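1. Sequence below, structure please.
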Amino acid sequence: MSEEFGRKSIAEGKAERGRENLRQGKPACRLDLGIVYVVVFLKIPENLASRCGSCPEKDDCHLEVLLDDMRIKDSVPECYGDPATLELDNPNESCCACHVRERCGSIVYERDRVGQSHVIEGETSALTSVDTTSPDHLHRDWPITPDAALTVPCPAGDAPTVAAMESLVENYSREHAGTPREAVIADKTPNVEELAASIAAGTVNPTPKSQPPYTFPVPDADTEKRYKPMATDELISKLEQLSYAKCPTSGQPRPYQEIRRALCAISLELNLRGGCCPGSMPIRKVLRAKQLSDDEKLLSNDRQVIDLHWLWRHQRVKGGIYYEPLHAAQFPFDWAADFVSRRGSGAHKAKALLLGETDQLLLAVIQTRAVAERRRTIQNAIDATWQAIANIATSPASRLSSGAVAQLQNIHTALRIARGSPTIACEVLRAMTGEVVEPRAMSAKKTWFVRHGLPVE
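-> Predicted structure coming up:
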C-alpha cells in the first residue's frame, strides 16, 4: 500500500483536480485543502501573494474547504496534518491505512513545500479545531471582498488556453512526484497569476455576457416615513394585499416590479419592529426552481436579502466569516445583494452562515434542504391542527373561546419549530408574532396539546 500512497499520488491527485478546475475556468488550486491550511494557519507572505491574496474566489474557496473539513473533526487522529508523523517519501503502514490519508497528505505536502520554519509561533489549532464561535477565526488573512469579479485573473485581452495550462500543471506534478522533500520546499509552486500571464494564446471557455448586477431597492426617507406610523397588523395586511391581490383587468397577481419597492420597504420595517419574522410574512413565493423569469429572480433575491436583514437586526449569526457584516452598525445592503446573487443556493447560504435549524425555520428562503422539508411538514399540518383545536373549542366541555384558537395554533407551530422545547418555543413565538409567553405557561400548553393527541415535536 505504501507504493500507492505518498508524495507521487498526492501530486498526481492535485494535478488531476487542477486540470478539472481549469476546464471549468477556475484557478487550478481551487478547493485545495493543503493550500487553504497553509494560507489560514501559517504566516507565508509569498504564499498569500502568489496563491490567494488577489484571487477573486478566495472567500468562497476557503469557506467551502473549512466547512467540509470541520465535518470530520470528530473522526480524525491527533496527528492529522503533522509532517513529523506522515513522511510522504516513505509513509508508514498506519498512515497508509488511515481513512483520512489523502486529506492529511495534502496538508503535509503543502507544509513541506513552504517549510516548517514558517509555522505560526504558538500554533495550537489544526484545521479541524477552528473555533466557529469566534467572529475573528477566519478574518485574519482573507477579509471579505464582495466586489471581486468571479473570473480567473488574466492579462487584458488575453486568456490562457486550457491545454497550455494543463501542460504546466502536468509538468509541475511530474517534476515533484517522487522527489525529496528538500527539493519541493526549495521550489516555488506556480500560482494563478503566473499561469495566466505566462501563457496568452487562445481562450478558456468564453464567459457569457453578464447580466446587470442585482441591487436591492433600499427604501428612501419618504417611503420609510409612509410606513413607520402604521400599526404592525396594518403593515401585515398591506403586505398580503400587495403580494396576492389580483389585477382587475387580467385577473393575475400584479407584476412584481410594480409592487417591489413597497413590499420590500414594509418587510424591512417589520424586521426592525420584530414580531413578524420573514418566514411568517405573507409574501408571494417563487413556485419553481429553474428557468425563472426576471420578476421571479428579483423576488427570490429580495426575499433572501430580507432574511439577511432579519438575521442582522436580531444578531442571529454567532460566528464565521460573515459575522462582521451581519453585526455592523448599519445593514450592509450592497454586501447582502452581492451575497445572495453569487453565494449559491439557499442551502449553501444557510451552511455558510452557520445557522441552526430554528433560525432557518424562521426565515423565508435561506434553509438547507432538510430544514425546508421539515418546514413543509409543519406547514402542511397547520390546517389539520387548526381544525382539531377548533373542534376542541366547540365541544360542550371546553372552556376555550373562539379567539383562543388562533393563539393556540401559533403556540403549537412554535413548539413544533422548537422540537418541543418550551424555552425555545417562547423565543420562536415572539419572533413569529411578537407575543410573549413565559416558559412555564408554554410548558402547560405543551402538556395540553399532548393530552389531546397533537404532536409537538
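2. C-alpha from now on. contacts and neighbour counts both.
-> OK.
3. Follow the chain on from the strand or helix carrying T223 and name the next helix or strand.
-> Assigned by DSSP states H and E, T223 belongs to helix 221-227. Helices and strands here follow DSSP H and E; after helix 221-227, the next one along the chain is helix 232-244.
4. can you pull the buried residues of that following helix?
-> 232, 235-236, 238-240, 242-243 (16 or more other CA atoms under 10 Å).
5. Helices along the stretch 301-450 of the chain, start to end?
-> Secondary structure of the stretch 301-450 of the chain, counting by DSSP state H, counting those that start in this stretch: helices at 333-342, 346-352, 357-361, 369-380, 382-394, 403-417, 422-433, 439-451.
6. quick revisit: contacts for the helix holding T223 next, please.
-> Here helix 221-227 makes contact (CA atoms under 8 Å, 6 or more residues apart in numbering) with 235, 262, 265-266, 269.
7. can you list the domains in this protein?
-> 7-198, 221-343, 381-451 (automatic domain parsing).
8. Next, the distance between the ends of the last one.
-> Put plainly, it is domain 381-451. 18 Å (CA to CA, to the nearest Å).
9. re earlier: so for the helix holding T223, what's the average pLDDT?
-> On average, the pLDDT along helix 221-227 is 90.
10. starting at the chain centroid, how far to it?
-> On the basis of CA atoms, centre = their mean, to the nearest Å, helix 221-227 sits 32 Å off its chain's mean C-alpha point.
11. how about it: buried residues?
-> 224, 227.
12. Next: stretch 381-399.
-> Going by 16+ other CA under 10 Å, stretch 381-399 has these buried residues: 382, 385-386, 388-390, 392-393.
13. how far away is A441 from N301?
-> 39 Å.
14. Of those two, which one has the most company?
-> Neighbour totals were compared for A441 and N301, and N301 leads with 21 against 12 (other CA atoms under 10 Å).
15. so what's that one closest to, chain neighbours aside?
-> In space, N301 comes closest to V340 once its chain neighbours are excluded; the distance is 6.1 Å by CA to CA, 6 or more residues apart in numbering.
16. Report how many residues lie close to that neighbour.
-> For V340, using other CA under 10 Å, the count is 21.
17. In this model R303 seems to touch it, though I could be wrong.
-> No: V340 lies out of contact with R303 (CA atoms under 8 Å); the separation is 9.6 Å.
18. What are the neighbouring residues in contact with V305?
-> 216, 333, 336-337, 340.
19. let's see it at 7 Å
-> 336-337, 340 (CA atoms under 7 Å, 6 or more residues apart in numbering).
20. Ok, T232 next?
-> Contacts of T232 by CA under 7 Å, 6+ apart: none found.
21. Please determine how far it is located from S267.
-> Counting by CA to CA - T232 and S267 are separated by 11 Å.
22. C95 now?
-> For C95, the distance to S267 - CA to CA - is 55 Å.
23. now do E324
-> 23 Å.
24. now do R416
-> As judged by CA to CA, R416 and S267 stand 25 Å apart.
25. These two: who's more crowded?
-> Using other CA under 10 Å, the more surrounded residue of R416 and S267 is S267, with 25 against 21.
26. And for this protein, the residue most distant from the center?
-> P396 (51.3 Å; CA atoms, centre = their mean).
27. So for that residue, what pLDDT did the model give?
-> Looking at P396, its pLDDT stands at 78.
28. what does P439 give?
-> On the pLDDT scale, P439 gets 95.
29. Does it touch C426 like I think?
-> Yes: the pair P439 / C426 is scored as a contact, 6.3 Å apart, by CA atoms under 7 Å.
30. ok, those two, which is more surrounded?
-> Per other CA under 10 Å, whichever of P439 and C426 has more neighbours is C426, with 24 against 16.
31. Count the residues that sit near the nearest residue to that one once chain neighbours are set aside.
-> Among residues not flanking C426 along the chain, V437 sits closest, at 5.8 Å (CA to CA, 6+ apart). Neighbour count for V437, taken as other CA under 10 Å: 17.
32. how much space between V437 and I411?
-> 9 Å.
33. Format the domains of the chain as TSV; extra columns: distance to R375.
-> What follows is the domains of the chain, written out as TSV (distance: least, CA to CA, whole Å):
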stretch	distance to R375
domain 7-198	24
domain 221-343	10
domain 381-451	8
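34. out of those, which comes closest to A350?
-> A350 lies closest to domain 221-343 among the domains of the chain, at 10.2 Å (CA to CA).
35. Would you mind confirming that A425 is in contact with L415?
-> Yes: counting by CA under 7 Å, L415 is a contact partner of A425 at 5.0 Å.
36. picking that back up, distance of the residue nearest to C426 from T385?
-> Taking CA to CA, one finds V437 at 20 Å from T385.
37. Likewise for E435?
-> 20 Å.
38. Check D334 too.
-> From D334 to T385 the distance is 41 Å (CA to CA).
39. Same question for E224.
-> Counting by CA to CA, the gap from E224 to T385 is 38 Å.
40. And for Q379?
-> If you go by CA to CA, the gap between Q379 and T385 works out to 10 Å.
41. cool, K225 as well?
-> For K225 relative to T385 (CA to CA), the value is 39 Å.
42. Kindly report the same for Q304.
-> 29 Å.
43. what do you get for F5?
-> 58 Å.
44. relative orientation of whichever strand or helix holds R260 and helix 422-433 in degrees?
-> Following DSSP H and E, one finds R260 within helix 256-273. Helix 256-273 runs at 140 degrees relative to helix 422-433, counting by axes from the mean of the first three to the mean of the last three CA atoms, to 10 degrees.
45. Give me the buried stretch members for helix 256-273, please.
-> 256, 260-272.
46. so how many other residues sit close to P229?
-> By the criterion of other CA under 10 Å, P229 has 9 neighbours.
47. before we move on, what about L363?
-> Neighbours of L363 (other CA under 10 Å): 22.
48. same check, this time on G434
-> G434, neighbours per other CA under 10 Å, totals 16.
49. so what's it scoring on pLDDT?
-> Reported pLDDT for G434: 91.
50. ok, now which ones touch it?
-> Contacts of G434 (CA under 7 Å, 6+ apart): 274-276.
51. Quick one: buried ones out of these?
-> Buried by 16+ other CA under 10 Å: 274-276, out of the contacts of G434.
52. Closest to L292 out of the residues you listed?
-> C276 (27.6 Å).
53. Surely the closest one touches A431?
-> Yes: using CA under 7 Å, C276 makes contact with A431 at a distance of 5.9 Å.
54. quick one, what contacts D307?
-> 278, 363-364.
55. Switch these over to CSV; also include pLDDT and distance to I72.
-> Converted to CSV, those look like this (pLDDT from 0 to 100; distance: CA to CA, whole Å):
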residue, pLDDT, distance to I72
P278, 96, 33
L363, 97, 28
A364, 95, 30
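56. Closest one to V405 out of those residues, please.
-> Checking those one by one against V405 (CA to CA), the nearest turns out to be P278, at 22.8 Å.
57. Around V428, how many other residues sit close by?
-> V428: 28 neighbours (other CA under 10 Å).
58. Now do the nearest residue to it once chain neighbours are set aside, the pLDDT please.
-> In space, and not counting its chain neighbours, V428 is closest to A414: 5.6 Å by CA to CA, 6+ apart. pLDDT, A414: 94.
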